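Asker: 3D model of this:
(2 chains)
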Protein chains: 2
Amino acid sequence: MTRDHTLSNVSEKVRSGKFSFEDYLSACLQRIGDNEERVQAWVCVNEAVAHRQAKAMDQALSSGISLGPLQGIPVAVKDIFDVAGLPTLAGSELRSDHIASADAPVVRRLRAAGAIILGKTVTTQFACFDPSVTHNPWNLSHTPGGSSSGSAAAVALGMSPLALGSQTGGSITRPASYCGVVGFKPTWGTLPGAGIVPVSYHLDHPGLLARSVADIKLAFDVLQGYRSPSIGTAPSLSTAQAKPPILGLLDEYFMETADEQVRQATLAAVERLRSAGAIVNRLQLPKSFAVVHRNHKVIMAVEAAEYHAPWFPGRREMYGKHLQALLDMGHSIPATEYAAALAHQRLFRQELSGVFQQVDFLITPSTSDTAPGTLETTGDPRFNSPFSYAGTPTISLPCGLGGNGMPCSLQIIGPGGKDLKLLEAAQWCESHLKWNHRPGLCV
Amino acid sequence: MTRDHTLSNVSEKVRSGKFSFEDYLSACLQRIGDNEERVQAWVCVNEAVAHRQAKAMDQALSSGISLGPLQGIPVAVKDIFDVAGLPTLAGSELRSDHIASADAPVVRRLRAAGAIILGKTVTTQFACFDPSVTHNPWNLSHTPGGSSSGSAAAVALGMSPLALGSQTGGSITRPASYCGVVGFKPTWGTLPGAGIVPVSYHLDHPGLLARSVADIKLAFDVLQGYRSPSIGTAPSLSTAQAKPPILGLLDEYFMETADEQVRQATLAAVERLRSAGAIVNRLQLPKSFAVVHRNHKVIMAVEAAEYHAPWFPGRREMYGKHLQALLDMGHSIPATEYAAALAHQRLFRQELSGVFQQVDFLITPSTSDTAPGTLETTGDPRFNSPFSYAGTPTISLPCGLGGNGMPCSLQIIGPGGKDLKLLEAAQWCESHLKWNHRPGLCV
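Answerer: Residues are numbered from 1 along each chain as shown, chains lettered A, B, ... in the order given. Next up, the predicted model:
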């Protein structure tokens, strides 16, 4: 039941008496009960409070009171976002004494729209590269990706229809792709970063994971503060109305270096979109792309090192080895190199915006490979970090399975600030990709 | 003649046949001819081209063609802004082979509104602290301030009614104050920085110097791209309509550390504003003010060092001793310290915006002293750099003379983004300050 509905379906069904919010919550909790021991997506589940809230939402509805477009919808919150009264561990024992005194603004907005905060999901340590305990629901021996590992796994398994995630390199797009769910990173600066444990100010993006673009769109409307007046009335796009987009497929770097099964799945997906009427052009990247990855790392290392300076290197042993290396790098960089990287980031942002004179959106595979068959890595963010660097909005849409049975996805990239336009185009693409797969695990 | 008119007066007089644009230009050139040898405000004066343009403007007008709200108005351009076909020396022989291939966007906008680019004015070396050759028109043994030294001196002497300047610390406010003219620094990011030799991305502000707030307002409308349809019709505020503002006078740090003659001139000016109906409150600074000056210097040093890295330290001997010290400092700073300064800048910006919940505008003396009686320093920017750091708009209004006969000014600071609101309030203040002084030199 929890995987058969979009959020507006749930609202409709509850309003028409098919089931209650409490039934829906119970079904989510059932999915958690059935799978959590093996998958380990959650840091904590707020079961008792969630039940009380769902009951209150049902009562409100039966009294004709609408509490917002997300009324009664359970949400999973990556454990770097503050939820009042709960710890924000950020995957580290260093924060074991932290209890959030207030909701992060993005959490507050979801709650104000009627959402039920179901619990906190597993993140890699401080949303960086050291793998978490979470397994990939499609195959337990594979990584779910990171850093929003728990959010992606929970949404894939129907434990929660919606999750908050965040991305500095590829921390939404990669786990969404590896777990076969939709992941959305809005334009940098669109959503408030307050109440969220940061990695890197100039790269951090709060965002969303869900099972459909429509669900992402509904939640994003709420996060932006466009609160719809009542349940079920949030704006939605008729995909029939949307014009097929002009897409720019990036061969250079992306298609050229993707592994063969990802390349094949991408070409097949692109062919479906082309058949449906999309125009697909081949595009060149701006020259400034050449040093994007290096500069992304400089900015991330320096800003993470600055944030962690009160604890690192004094408590080095508390940090995972990847994060240690990142922070060491951050401390070794001269300010002028970091300033040059920030200047380059502004240049790349400007040059990339020029590319959108030629096409509506860019497309690439979401990841260079499918989820690696190990828990020793969270995979490679190199297809995503250029767009975290650019601050442009991206969405990851599942589009097929690799030969190994693991999901592949398309990354669609829009111009900065055109988040809604991107979501509408993604809805069009989604309707033609006809993704209808579920993790083999725990059917 | 060149000091008796606001820009709209000039337009009116020309339209009514009292004098021509060429007459007005000739009067400006006469002021230059009479004073330049002693004051040294100009790097180059584009006399022949300016005459041709003025003549064309007169002809256009007599044919009923309006070329924009600045038609026929000579403008002095600080020699860090590119003017197509002229060198941009930025006060350094390092750039002696540079000829600008295009106007900086701000110059282009002025020109498109009918302005005549009269020439380039002297800047300190790379708009930093090493004094330039320019003298203060009020007393040749005093500094005109810096770095927009030539722009301030030229406007004070009626060599040009309007000048472009720029500020990273106090480079508009200080010379405007020392030379007894109006200086305006818009909100950071409001005007494009392209085509301008930078000091420091996160602190640089292009801006304006003129002899009245109305003139500043007219030119700022043009710079923002709000091009008025024809000469003389630019929006102007009736000061009678403006409501007296609620002002917050900053005792802490500012009034407390200003020298006695500046303090007295400020208190007298504040008293005049209060008598005219302004409410003047005493305000506390946010706690984060304590490290503003230190962090301002960190950001400026690092970003300047990054920009100059291709030439410095390889050609160290080409740099003034103050700039050498600044660049050395920039190269010695670890990236994490610079990142912390940028994070603090964001914090201070946010905390300062809270202060504007209590008052409409802040006021301080523009400078802690009057122009020092030496050409060995350009004076102290410490009353201005906090607002370059904050990115808030500021305007400097002459308000009286110190015991030494040198000008004193009020600095009025508005909330970020409220530039027009600040200009309107400044116009109200200006009408009650009754400043009517001219440099004793060259009457």
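Asker: alpha carbons only for contacts and neighbour counts from here, please
Answerer: Noted.
Asker: What about A:Thr377, how many residues nearby?
Answerer: Using other CA atoms under 10 Å in any protein chain shown, A:Thr377 has 18 other residues around it.
Asker: Just say helix, strand or coil for it.
Answerer: Of the three states, A:Thr377 takes coil under DSSP: H, G, I helix; E, B strand; the rest coil.
Asker: Need phi/psi at it.
Answerer: Here is the backbone geometry of A:Thr377 (degrees, to the nearest 10): phi -140, psi 160.
Asker: Test my guess that it contacts A:Ser141.
Answerer: No: using CA atoms under 8 Å, A:Thr377 is not in contact with A:Ser141; the gap is 11.5 Å.
Asker: what comes up buried for stretch A:267-281?
Answerer: Applying a neighbour-count criterion of 16 or more other CA atoms under 10 Å in any protein chain shown, one finds A:Leu267, A:Ala269, A:Val270, A:Arg272, A:Leu273, A:Arg274, A:Ala278, A:Ile279, A:Val280 buried in stretch A:267-281.
Asker: List the ones among those residues that fall in strands.
Answerer: Residues from the buried residues of stretch A:267-281 lying in strands, with DSSP state E as the criterion: A:Ile279, A:Val280.
Asker: For chain A, which segments count as strands?
Answerer: Here chain A has its strands, by DSSP E, at A:42-45, A:74-78, A:116-121, A:162-167, A:182-185, A:205-210, A:246-249, A:279-282, A:361-365, A:394-401, A:407-413.
Asker: For the ones you listed, give me JSON lines that also has mean pLDDT.
Answerer: Rendered in JSON lines, the data for the strands of chain A read as follows (pLDDT from 0 to 100):
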{"stretch": "strand A:42-45", "mean pLDDT": "98"}
{"stretch": "strand A:74-78", "mean pLDDT": "98"}
{"stretch": "strand A:116-121", "mean pLDDT": "98"}
{"stretch": "strand A:162-167", "mean pLDDT": "98"}
{"stretch": "strand A:182-185", "mean pLDDT": "98"}
{"stretch": "strand A:205-210", "mean pLDDT": "98"}
{"stretch": "strand A:246-249", "mean pLDDT": "97"}
{"stretch": "strand A:279-282", "mean pLDDT": "96"}
{"stretch": "strand A:361-365", "mean pLDDT": "98"}
{"stretch": "strand A:394-401", "mean pLDDT": "97"}
{"stretch": "strand A:407-413", "mean pLDDT": "98"}
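Asker: Tell me which residue is most central in chain A.
Answerer: Taking CA atoms, centre = their mean, the centroid of chain A lies closest to A:Ile172, which sits 3.2 Å from it.
Asker: which residues touch that one?
Answerer: A:Gly146, A:Ser147, A:Ser148, A:Gly165, A:Ser166, A:Gly183, A:Phe184, A:Lys185, A:Gly207, A:Leu208, A:Leu209 (CA atoms under 8 Å, 6 or more residues apart in numbering or on different chains).
Asker: Try it again at 6 Å.
Answerer: Shown in contact with A:Ile172 (CA atoms under 6 Å, 6 or more residues apart in numbering or on different chains): A:Ser148, A:Ser166, A:Gly183.
Asker: and if you look at A:Gly114?
Answerer: Neighbouring residues of A:Gly114 by CA under 6 Å, 6+ apart: A:Leu67, A:Gly68, A:Leu70, A:Gln71, A:Gly72.
Asker: Check pLDDT for these and point me to the minimum.
Answerer: Looking at the contacts of A:Gly114 by pLDDT, the weakest one is A:Leu67, with 88.
Asker: what's the distance between it and chain B?
Answerer: A:Leu67 sits 32 Å away from chain B, going by CA to the nearest CA, to the nearest Å.
Asker: just A:Asp328 next, same as before
Answerer: Distance of A:Asp328 to chain B, computed by CA to the nearest CA: 11 Å.
Asker: For that residue, which non-adjacent residue is closest in space?
Answerer: In space, and not counting its chain neighbours, A:Asp328 is closest to A:Ala305: 7.5 Å by CA to CA, 6 or more residues apart in numbering or on different chains.
Asker: for the buried residues of stretch A:267-281, which one is nearest chain B?
Answerer: Of all the buried residues of stretch A:267-281, chain B sits closest to A:Val280, with 34.3 Å by CA to the nearest CA.
Asker: isn't the closest one right next to A:Leu247, touching?
Answerer: Yes: A:Val280 is within contact range of A:Leu247, at 4.8 Å (criterion: CA atoms under 6 Å).
Asker: between the contacts of A:Gly114, which has the most around it?
Answerer: Counting neighbours by other CA under 10 Å, the top entry in the contacts of A:Gly114 is A:Gly72, with 32 neighbours.
Asker: residues contacting that one?
Answerer: With contacts defined as CA under 6 Å, 6+ apart, the neighbours of A:Gly72 are A:Phe21, A:Ala54, A:Met57, A:Gly114, A:Ala115, A:Ile116.
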